[in-house]
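> Build me a model from this:
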Amino acid sequence: MMLNKKLVVGMIATAGFMLSAAASAQVYVGATVGKAHWNDDCKNVVSCSTSSNTYKLLGGYNIDKNFAVEASYFSLGTISATGNVGGTNVSADMKGKGFEVSGLYKYEFTPELSGFAKLGLASIKAEGSGAVAGVGAYNDSTTSTQPVFGFGASYKLTKELALRGEFETRKIKFSGDKEAVNNISVGLQYSF
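From the prediction side, this is the model:
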């Protein structure tokens, strides 16, 4: 729990740092949408959906031409499953969302095209809900701090606006289990 509080304080400090530097061309904001694949085995179920729609809102600060720090809020969407256990119908949903702070290493291939690799920490809230026929419904949630890894590219459309694409992977912890969630997204990034 202490690590989650430190992560939130770090994210607030990063956001304040980025806002104070808003007059420079080193600050950027952006948004992406995409698809996530949850590595759930889906054994012993009638139907199972392990893909979900995702989105992310981000803000960053370019320390220099090769390094940046970035904070973001993300949603990993919702997956669901239905099955039959001992003649009883059951259904379950799980969704994930959170905040993260990452360091980025960037490399410029051309004046318009650059790539990046990122490493950071994410505070992820996993929420599960379900129903058992004839018994009732349940809800549960778990918040954990997990590493996030990713890589991507951006292509400048104008001096301020760039197209951004990336791949990220995180782990989600729920009821003692950890699942990897891989996300591919595209979006826009605006530099001030």
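> Show me the strands in this protein, by range?
In the chain, the strands defined using DSSP state E lie at 27-38, 47-49, 51-62, 67-85, 88-108, 113-132, 136-156, 161-174, 177-191.
> what about the fourth one, distance to the chain center?
This points to strand 67-85. 6 Å (Cα atoms, centre = their mean, to the nearest Å).
> same question, the last one
Strand 177-191 sits 5 Å away from the centroid of its parent chain (Cα atoms, centre = their mean).
> what do you get for stretch 129-136?
On Cα atoms, centre = their mean, the centre of stretch 129-136 falls 29 Å from that of its chain.
> Contacts only, for the residue nearest to Asn89 when sequence neighbours are not counted.
Nearest residue to Asn89, sequence neighbours excluded (Cβ to Cβ, 6 or more residues apart in numbering): Ala133, at 4.2 Å. For every residue, glycine as well, the C-beta is placed using N, CA and C. With contacts defined as Cβ atoms under 8 Å, 6 or more residues apart in numbering, Ala133 is in contact with Thr88, Asn89, Val90.
> How much space separates Ala133 from Thr142?
Here the criterion is Cβ to Cβ, to the nearest Å. By it, Ala133 lies 25 Å from Thr142.
> Spell out for me which residue occupies the centre of the protein.
Nearest to the geometric centre of the chain sits Phe74, at 4.4 Å (Cα atoms, centre = their mean).
> So what pairs up with the closest residue to it other than its chain neighbours in the strands?
Among residues not flanking Phe74 along the chain, Lys56 sits closest, at 4.2 Å (Cβ to Cβ, 6+ apart). Taking DSSP bridges as the rule, Lys56 bridges to Thr32, Phe74.
> outside of stretch 158-171, which residues touch it?
By Cβ under 8 Å, 6+ apart, stretch 158-171 touches 30, 32, 76, 116, 118, 122, 124, 146-157, 178-192.
> From those residues, list just the buried residues.
30, 32, 76, 116, 118, 122, 124, 146, 148, 150, 152-154, 156, 179, 181, 183, 185, 187, 189, 191 (16 or more other Cβ atoms under 10 Å).
> Look up how far Gly136 lies from the residue of the chain positioned farthest from its centre.
Using Cα atoms, centre = their mean, the residue of the chain lying farthest from its centre is Gly87. It sits 37.2 Å away. Per Cβ to Cβ, Gly87 is found 17 Å from Gly136.
> Next: Gln146.
Distance from Gln146 to Gly136, by Cβ to Cβ: 31 Å.
> Show me what the residue lying closest to Val132 once chain neighbours are set aside bridges to in the sheet.
In space, and not counting its chain neighbours, Val132 is closest to Val90: 5.1 Å by Cβ to Cβ, 6+ apart. When bridges are called by DSSP bridges, Val90 pairs up with Gly83, Val132.
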